[in-house]
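Novice: Please work out how this folds:
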Amino acid sequence: MRVIEVRSYGGPEVLEPAEREERAPGPGELLVEVAAAGVNFIDTYQRTGVYPLPLPFVPGLEGAGRVVTVGEGVTEFAVDDRVAWGQALGSYASRAVVPASSAVAVPTGVDDETAAGALLQGMTAHYLTRSTFAVQPGDTVLVHAAAGGMGLLLTQSVKRLGGRVIGTVSTAEKEALARAAGADEVIRYTEVEDLAGEVRRLTGGRGVDVVYDGVGRSTFDASLASVRPRGTLALFGAASGPVPPLDPQRLNDAGSVFLARPSLAHHVATREELVWRAGEVFDDIVSGALNIRVGGRYPLVDARRAHEDLEARRTTGKLLLVP
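Specialist: Numbers count the residues shown, from 1 in each chain. Next up is the predicted model:
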């Protein structure tokens, strides 16, 4: 089968096309013909060794496809079932072995590419807006990188829950995408000297109830300065690099602010929670309440270019590798 391998940590150039012998699924596993695999920032953290994995490895946590073979003991899925997953390493491949416990059924009305791009970011938006900080009608939310795959989903999720969204973007094109997703206010951070000051202006000096920050190092200080007293800063990623060590006194000085560093794995820790979150994401897609915007499709062999485009912020929406 065709795969992308990482044999040493580094930049996008370490993503190498390769051929591997197909492995039969073991007990509790599925062999899946991959229709599409999602590209996510966590893939870049694993590629560089920020999140180290044993070498060599096949990257990619997210994908969708059709079951080819079921392993011993699997009762929930059968051959030819359409499935998707958001937490199964090895998805940059023409075929992938996926734990049945990590897979969910893809409903009628959701195509393969949408399914492949929906779960990791969709369930992340779900837990951020329902669990980390449960958005209520009237809450004001700051969403960084509002035209990216996560930003567009967070904006739609907050609006569905009755919140007001202030989004940050870099260009007029990205502003248009953020507004189309429902953003009430958009700040082009390339055109303002004081991002937090602009957020305060748009909130009458109060600050936002929650910041959803997946950018990290370059936005953290402005995020903290944008939160209202006893508000929440949810740091869920580090696209610009990890945030330096923090003196907890800064949270007190900012107004007894809550700082959270959540991750998806801890919010789909049981089968029941995974099925619930994935089910709600798919239900919203089928109903039209949630739109998965695919911003780029790349052949599997072009994984390097997908990572280059993602890290250079040349993209909007979701990126997919299509074997």
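
Novice: Quick one: the helices in the stretch 201-323 of the chain, in order.
Specialist: Under the criterion DSSP state H, counting those that start in this stretch, the stretch 201-323 of the chain contains helices at 220-226, 249-253, 271-287, 303-311.

Novice: Let me have those in TSV, adding mean pLDDT and distance to Gly317 as columns.
Specialist: Using the backbone N, CA and C atoms, a C-beta is placed for each residue, glycine as well. Formatted as TSV, these follow (pLDDT from 0 to 100; distance: least, C-beta to C-beta, whole Å):
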stretch	mean pLDDT	distance to Gly317
helix 220-226	98	23
helix 249-253	98	33
helix 271-287	97	14
helix 303-311	96	11
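
Novice: Pipe the ones you listed into a markdown table and attach distance to Ala134 per row.
Specialist: Listed next are these as a markdown table, based on distance: least, C-beta to C-beta, whole Å:
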| stretch | distance to Ala134 |
| --- | --- |
| helix 220-226 | 19 |
| helix 249-253 | 20 |
| helix 271-287 | 14 |
| helix 303-311 | 30 |
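
Novice: Compare these and give me the one nearest Thr108.
Specialist: Closest to Thr108 of the helices of the stretch 201-323 of the chain, according to C-beta to C-beta: helix 271-287, at 8.3 Å.

Novice: for the helices of the stretch 201-323 of the chain, which one sits closest to Ala146?
Specialist: For Ala146, the closest of the helices of the stretch 201-323 of the chain is helix 220-226, at 13.5 Å, according to C-beta to C-beta.

Novice: how about that closest one: buried residues?
Specialist: Neighbour-count burial for helix 220-226 flags Phe220, Ala222, Ser223, Leu224, Ala225, Ser226 (criterion: 16 or more other C-beta atoms under 10 Å).

Novice: Ok, stretch 209-217 next?
Specialist: Across stretch 209-217, burial judged by 16+ other C-beta under 10 Å covers Asp209, Val210, Val211, Tyr212, Asp213, Gly214, Val215, Gly216.

Novice: ok, the buried residues of helix 220-226 vs Asp253, which is closest?
Specialist: For these, the nearest to Asp253 is Leu224 (9.2 Å; C-beta to C-beta).

Novice: the domain parsing of the chain - what is it?
Specialist: Per automatic domain parsing, the structural domains of the chain span 2-119+268-322, 137-261.

Novice: what's the span of the longest one, first residue to last?
Specialist: By that I understand domain 2-119+268-322. Domain 2-119+268-322 has an end-to-end distance of 12 Å (C-alpha to C-alpha, to the nearest Å).

Novice: how close does the residue lying closest to Val58 once chain neighbours are set aside sit to Arg313?
Specialist: Nearest residue to Val58, sequence neighbours excluded (C-beta to C-beta, 6 or more residues apart in numbering): Gly90, at 4.3 Å. Using C-beta to C-beta, to the nearest Å, we find Gly90 at a distance of 27 Å from Arg313.
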